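> sequence plus predicted model, see below.
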Amino acid sequence: MAQKQNTPDELDKVNEALSSSEQFIEKNQKGISIVILVVVIAIGAWLALRHFYFEPRETTAYAEMFKGEFYLDTDSFALALNGNGADYIGFEAIVNDYARTDAANLAAAYAGICHFNLGNYNAALDYFKKFDADDKFVSPNILGMIGNCYANLDQTAEAMATFEKAAKKADNDLFSPFYLQKAATIAEATGNYDKVLALYNQIKNDYATSTVARDIDKYIERAQAKK
């Protein structure tokens, strides 16, 4: 097959385009160099910030967290939350002093647990909502704690919706039926038996091998009788 030959007009257009590009680069060489230099400096600054600022802060924050986890394990919620006034600053301070670190993110969840156990449900909600995760274990359980906060604040619609969201997020036989059952309990307390039956049947159909599902027929029969 014969190779297509470029016409003189086409070659002139190519040469003109190349010439224009060269003129642009030559004319703007200083500006382009400055832009490249700014990008290089920005990348270098970020790497330096990460290495010399964020990583040491992360290490320090996790060292503080270790002390707080000890208080949390012993149910010393006020100490875990606020610190001991000596060698531990508290989960709240970690959230504020080490913002944008993984340790501060985890400390927000711990602070929420402390506030919840101290009966400060609105404060617990604030901290739980600061926590950011997208896994199948921690994230659904934080959602479950948010649901517990709403339930204790008598915000039943929000509680039920959050428990359902936690069940969907977990999507496993361990947590999902547990949170669906909590949602059903709230629905039953508010007299919404259609919702109760829908939730119990979801447990029966989607999580048949779970522990909760073993007695689910009994709960379905009770809800049908009350309805």
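On my side now, so go ahead. All of these numbers come straight from a predicted model, not from anything done at the bench.

> what ranges of this protein fall below the confidence cut-off?
1-55 (pLDDT under 70).

> tell me how it divides into domains.
29-132, 133-227 (automatic domain parsing).

> tabulate those domains (a markdown table), appending mean neighbour count.
Heads up, the C-betas are built off the backbone N, CA and C, glycines and all. Shown next, in a markdown table, are the domains of the chain (neighbours: other C-beta atoms under 10 Å):
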| stretch | mean neighbour count |
| --- | --- |
| domain 29-132 | 16 |
| domain 133-227 | 18 |
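
> now do the contacts for Asn148.
For Asn148, the contact set (C-beta atoms under 8 Å, 6 or more residues apart in numbering) comprises Phe116, Ala159.

> what about it, is that helix, strand or coil?
Counting by DSSP: H, G, I helix; E, B strand; the rest coil, the backbone at Asn148 sits in helix.

> cool, the one 3 residues further on as well?
Look at Ala151: counting by three-state DSSP, its state is helix.

> pretty sure Asn172 contacts Asn141?
No: using C-beta atoms under 8 Å, Asn172 is not in contact with Asn141; the gap is 11.8 Å.

> what about the helix or strand where Leu81 lies, distance to the chain center?
With secondary structure defined by DSSP states H and E, Leu81 is part of helix 77-82. For helix 77-82, the separation from the chain centroid amounts to 23 Å (computed by C-alpha atoms, centre = their mean, to the nearest Å).

> following element in sequence after that helix, please.
Downstream of helix 77-82, the first helix or strand assigned by DSSP H and E is helix 91-97.

> returning to that earlier point: may I have the helix holding Leu81 as PDB, with CA atoms only?
Extracted in PDB, the C-alpha atoms of helix 77-82 (Å, rounded to 0.1, in the frame of the first residue of the first chain):
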ATOM      1  CA  PHE A  77     -14.600   8.000  81.100                       C
ATOM      2  CA  ALA A  78     -14.100  11.500  82.500                       C
ATOM      3  CA  LEU A  79     -10.300  11.000  82.800                       C
ATOM      4  CA  ALA A  80     -10.200   9.500  79.300                       C
ATOM      5  CA  LEU A  81     -12.100  12.400  77.900                       C
ATOM      6  CA  ASN A  82     -10.500  15.300  79.800                       C
END
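
> heads up, I number from 339, so please use that
Sure thing, new numbering starts at 339, so read that last one as helix 415-420.

> contacts for that helix?
The contact list for helix 415-420 (C-beta under 8 Å, 6+ apart) reads 406-407, 409-410, 426, 428-430, 448-449, 451-453, 455-456.

> for those, which one is nearest Tyr545?
Nearest to Tyr545 among the contacts of helix 415-420 is Ile451, at 26.1 Å by C-beta to C-beta.

> pretty sure that closest one contacts Leu410?
Yes: when contacts are counted by C-beta under 8 Å, Ile451 is listed as touching Leu410 (7.0 Å).

> tell me how far Thr439 lies from Ile558.
Separation of Thr439 from Ile558 (C-beta to C-beta, to the nearest Å) stands at 47 Å.

> again, but for Tyr517
Going from Tyr517 to Ile558 by C-beta to C-beta gives 18 Å.
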